[in-house]
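K.L.:
The sequence isn't on hand, but the structure is:
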């Protein structure tokens, strides 16, 4: 297919640097590659002639006032260029060996994409797939008035979500502010002196702000209670229907209307794998996860631990690590002379991945006396993984 004159870029008499009065014609809107020996004039033609003239013409479209801040751009040494439009240039950069570098970060396109996602994208709940919403105080009031008309409700302010602790001091602070009831893990409880939750369990705790019957006569009280709930819940509140016990979450921030999970306002670093705020917590933003190959840790399961069957430990010696494994052996009924293949799977998992169980290690430091200490075992594979992750963290 023959191209019209408007679909070509024509360069006549280019004499920049090493170019010797050359004429070049190439198609527009196509991928064109310049090849040649070093010093043959590829960059002189692409950057110092075509790009320089395109940029100069574009700058000339600005007002005289704007051009005074940009300075004058000299015309490249060329007779004529036809078919040229405004141009952009991405120059070659020498990249380093940082494993976090990508095409996006090197060309800096990634910075614009992060800004685009942070400012114009819509957030969706990872639990329900619903679009996240945010409401004003007035919108929340309208939802409560319309959805719960002529119903009895409780307004709740969430203060603890999915955290362990006894929260005795928190209950005292809530009582000092004049509130008399809280909702702990779905159960309504009056605040009494010494009230505390089970410190070893995960809790959800909400303050009971007000008990209301929704109608137009209570409009002012409802609005004031909603403002109090949002203040105590730091922009988030809950409505509990006393009849069916269903809870609805409402928030001034980005929030899933069904599950109640809330996101912080998006920022550019939220979408950066180089930032602790945006990086995956599992791979630390690297995109890969180092894992231990158990077959390299224990290459021969027919060997015993005493024969050096666990490679990272090396040859058997009277060291602390072997003393600890011996104490594990007493618990799971194996010895240093037991072939690894005959050690139970539960015991092998403790040796490799550790356990929170407390083991007693006994050691004869002097003849006729036995000293002991207790410990929990970290696990050989877990220790190696932790050291590797720490090393990667330092490098980054």
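P.N.:
Happy to help now that I have it. It should be emphasised that the depicted structure is a prediction, and the values quoted were computed from it without experimental measurement.

K.L.:
alpha carbons only for contacts and neighbour counts from here, please
P.N.:
Fine.

K.L.:
For the closest residue to residue 47 other than its chain neighbours, give me phi and psi.
P.N.:
Of all residues not flanking residue 47 in the chain, residue 89 sits nearest, at 7.6 Å (CA to CA, 6 or more residues apart in numbering). Here is the backbone geometry of residue 89 (degrees, to the nearest 10): phi -140, psi 130.

K.L.:
Over to residue 182?
P.N.:
phi -130, psi 160.

K.L.:
Please report how far it lies from residue 162.
P.N.:
Residue 182 is 16 Å from residue 162, where distance means CA to CA, to the nearest Å.

K.L.:
between the two, who's got more neighbours?
P.N.:
residue 182 (24 against 10; other CA atoms under 10 Å).

K.L.:
Quick check: chain neighbours aside, which residue is closest to that one?
P.N.:
Closest to residue 182 by CA to CA, 6+ apart is residue 207, at 4.5 Å.

K.L.:
now the one you found, what's its secondary structure?
P.N.:
Following DSSP: H, G, I helix; E, B strand; the rest coil, the label given to residue 207 is strand.

K.L.:
Could you give the bridge partners of it?
P.N.:
residue 157, residue 182 (DSSP bridges).

K.L.:
Quick one, grab the pLDDT at it.
P.N.:
Looking at residue 207, its pLDDT reads 92.

K.L.:
Adjust the sequence numbering to begin at 32 for everything that follows.
P.N.:
With 32 as the first residue, the last one maps to residue 238.

K.L.:
Please name the residues that touch it.
P.N.:
Listed by CA atoms under 8 Å, 6 or more residues apart in numbering, the contact partners of residue 238 are 187-190, 205, 210, 212-214.

K.L.:
separation between it and residue 206?
P.N.:
Taking CA to CA, one finds residue 238 at 10 Å from residue 206.

K.L.:
Equivalent analysis for residue 408, please.
P.N.:
From residue 408 over to residue 206 (counting by CA to CA), the distance is 43 Å.

K.L.:
So for these two, which residue has more residues nearby?
P.N.:
Using other CA under 10 Å as the criterion, residue 408 and residue 206 rank with residue 408 on top: 22 against 18.

K.L.:
Now that the more buried one has come up, it's in contact with residue 385, right?
P.N.:
Yes - the pair residue 408 and residue 385 qualifies as a contact (CA atoms under 8 Å) at a distance of 5.0 Å.

K.L.:
can you give me the strands in the stretch 282-427 of the chain?
P.N.:
In chain order, the stretch 282-427 of the chain shows strands spanning 285-286, 293-294, 390-397, 400-406, with DSSP state E, counting those that start in this stretch as the criterion.

K.L.:
if you compare these, which one is most tucked away?
P.N.:
strand 285-286 (a mean of 24; mean count of other CA atoms under 10 Å).

K.L.:
what packs against that strand?
P.N.:
In terms of contacts (3 or more CA pairs under 8 Å, 6 or more residues apart in numbering; DSSP states H and E), strand 285-286 is packed against strand 293-294.
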